[in-house]
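Prediction below, plus the sequence it came from.
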Amino acid sequence: MVVPADEGLELTPVPSDTVDSREATVRSAAVMSGGTLLSRVTGLLRVTVTLAALGFTVVSDSYNAANTTPNIIYELVLGGILTSIFVPALVGRGKDRGREAQFETANRFLTIALVLLTGVAVAGAVAAPWIMRLYLGSVADPVRHAQEVELGTFFLRWFMPQIVFYGLGAVAGGLLTANRRFSAQMYAPVLNNLAVIATMLALIAMRGTTPPQVETLTLAEKTLLGAGTTLGVLAMTAALWPALRRIGFRWRLRWDWRHETVGQLFHLARWVVVYVVANQVAYLIIIRLASRISAGAYTAYSQAFVFFSLPHAIVAVSIFTALIPGMAERWTSEDRSGIRHLFSRGFRDTMIVMIPAAAGYTVLAGPIVALLAGHGAVRGVELPILARTLAGFAIGLPFFSAYQLMTRTLYAMRDSRTPALVNIGVAVVNIGADLLFAFTWHRGVTGLALGHAVSYVFGSVVLFVIVQRRLRGADERRIGMTISKTLLAGGVTAAAAFGAAALVDLALNVERTFGRLIQVTAGVVAGVLVFLACALIFGIHEVDEVKAALLGRMHRGA
């Protein structure tokens, strides 16, 4: 078996374990896709119920801004390290020194995460009023600003312990990934989603579906929101521990933080911190810009992003999470051709899902949003704003997924500097495009979504050139052919989805939930069937591999 040919690329034998690794990758991706699908379906229900309970209000903006803050602080302090270079480091440690040495490294980082993040959580709770003023400082109306800061401070003090749980969960998940145990971390978020769904349903039972106002929200209702949301994160983290015990891991506090593995990881992490800071500064500015647009604008932005990220999380993350351990092993073995092979396959498999998904989102954004968000406290006039925001995000979906794959490929090659420097450029482009679209061209929150899309177009192009040079070729011809065929198929898919949805609109009353469900189902089913037919006609063979991963079947192929 050989690496697919490219102009100027010598045919290099792929290691004999490639087929076995392909089967392992497909099996792993199947497990992850199933878990991620369930997680994302419950995540959509979570968004639907949360919008039904909170609507697009000052309360929802305060809740979402406060609930995002622990994620941002966690990423700044430790999260970027754990989610980017921790897995390759554990893979290398296990290969060089054995599983016990790998477990010792994980124990050191669990201890570091517990101590460091507990201190950060306490400090964050104390500084909550100043943190919320930082995020919500651009709100022009002084009354609304004071309300959002006060309510956000209350929520943030409940949410700050999430930082500790995120850190422990990231170390646990990294260790499971390094040992190719994927199911627990893919299914664990379901518990988080169910906890938040139960919390929001309880709030609806207490106060109905009238859009909540800061003045009428009781202490019991605020406490329910704060405690219920944080308990969900705790449940998600705790769900990983049985899987750790099954691989023989036992958590023991380790205080020898001067060990060489800790030093090496933090040395690599310098550039990861730069990457994360660029991301979070850009996101801080986005929150402030959204708050400046109108009440509910940040909620529209954040919830549209959840819808947008669904296909990426179900398929793309599953594909390249399964590939990363193999890439890291090949880099340790100095097998550049093996990495090139895995990268090409991951890129092509990702694109044949993300391109039609982006096309479908663009034409079905209105019906999807009406079905999933048109309930409870959400008013009809707010749905078109959310739909346009989702469509704006969708334009950049293939580029967003490609960027994430290439970033992780470089991390597997122990290069954290390049992604950090490129990400600074992505953040600058994002902010500049946001200002242009949202304010100069007056596109509001939709402009923020378009800015996100433009920034990842820029970032993915730059990273592809870099990865291509680093690997001395990236199977460009095969990737280009797959993308060209998929773009053509995606265009036909979008037309079919739009036509099916339009026919249902003419035949049924789509103002009711049942009609909306039929409309979205018809559009999605028509789009999927037409895309599969186009894939057969155009020879998009990667579809078989992705189907194998999603359906759990074992396929071999080029």
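On my side now, so go ahead. Residues are numbered from 1 along each chain as shown.

dump the residue contacts of residue 452.
305, 392-393, 396, 400, 430, 434 (Cβ atoms under 8 Å, 6 or more residues apart in numbering). Yep, even glycine has a C-beta here, placed from its N, CA and C like the rest.

for these, which one is nearest residue 181?
Among these, residue 400 lies closest to residue 181 (Cβ to Cβ), at 27.2 Å.

so the closest one touches residue 312, yeah?
Yes. Residue 400 lies in contact with residue 312 (Cβ atoms under 8 Å); the separation is 6.5 Å.

Relative to residue 45, how far out is residue 328?
For residue 328, the distance to residue 45 (Cβ to Cβ, to the nearest Å) stands at 35 Å.

Looking at those two, which is more packed in?
residue 328 (25 against 16; other Cβ atoms under 10 Å).

My guess is that one contacts residue 86. True?
No. Contact status for residue 328 versus residue 86: not in contact, 10.9 Å apart, counting by Cβ under 8 Å.

returning to what we had before: please produce a markdown table containing the contacts of residue 452, extended by pLDDT, neighbour count and secondary structure.
Formatted as a markdown table, the contacts of residue 452 follow (pLDDT from 0 to 100; neighbours: other Cβ atoms under 10 Å; DSSP: H, G, I helix; E, B strand; the rest coil):
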| residue | pLDDT | neighbour count | secondary structure |
| --- | --- | --- | --- |
| 305 | 93 | 15 | helix |
| 392 | 96 | 26 | helix |
| 393 | 97 | 27 | helix |
| 396 | 96 | 24 | coil |
| 400 | 96 | 25 | helix |
| 430 | 96 | 26 | helix |
| 434 | 95 | 24 | helix |
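
Of those, which is the nearest to residue 345?
Looking across the contacts of residue 452 and measuring by Cβ to Cβ, the closest to residue 345 is residue 400, at 19.2 Å.

tell me the contacts of the closest one?
So residue 400 contacts 312, 354, 452-453, 456, 460 (Cβ under 8 Å, 6+ apart).

quick one: which two of those residues are the most distant?
For those, the farthest-apart pair by Cβ to Cβ is 354 and 452; their separation is 14.8 Å.

Next, show the common contact partners of residue 400 and residue 312.
With Cβ under 8 Å, 6+ apart, residue 400 and residue 312 have common neighbours residue 354.

Would you mark the buried spots in the helix or strand hosting residue 457?
Per DSSP states H and E, residue 457 falls inside helix 444-470. Residues of helix 444-470 classed as buried by neighbour count (16 or more other Cβ atoms under 10 Å): 444-460, 462-464, 466-468, 470.

could you give me the average pLDDT of it?
For helix 444-470, the mean pLDDT works out to 95.

hey, C-alpha coordinates of stretch 121-129 in PDB?
The C-alpha trace of stretch 121-129 is given here as PDB (Å, rounded to 0.1, in the frame of the first residue of the first chain):
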ATOM      1  CA  ALA A 121     -11.900  29.500  41.300                       C
ATOM      2  CA  VAL A 122     -11.700  31.200  44.700                       C
ATOM      3  CA  ALA A 123     -10.000  34.300  43.300                       C
ATOM      4  CA  GLY A 124     -12.600  34.400  40.500                       C
ATOM      5  CA  ALA A 125     -15.500  34.300  42.900                       C
ATOM      6  CA  VAL A 126     -14.000  37.200  44.900                       C
ATOM      7  CA  ALA A 127     -13.400  39.200  41.800                       C
ATOM      8  CA  ALA A 128     -16.700  38.400  40.100                       C
ATOM      9  CA  PRO A 129     -18.100  42.000  40.000                       C
END
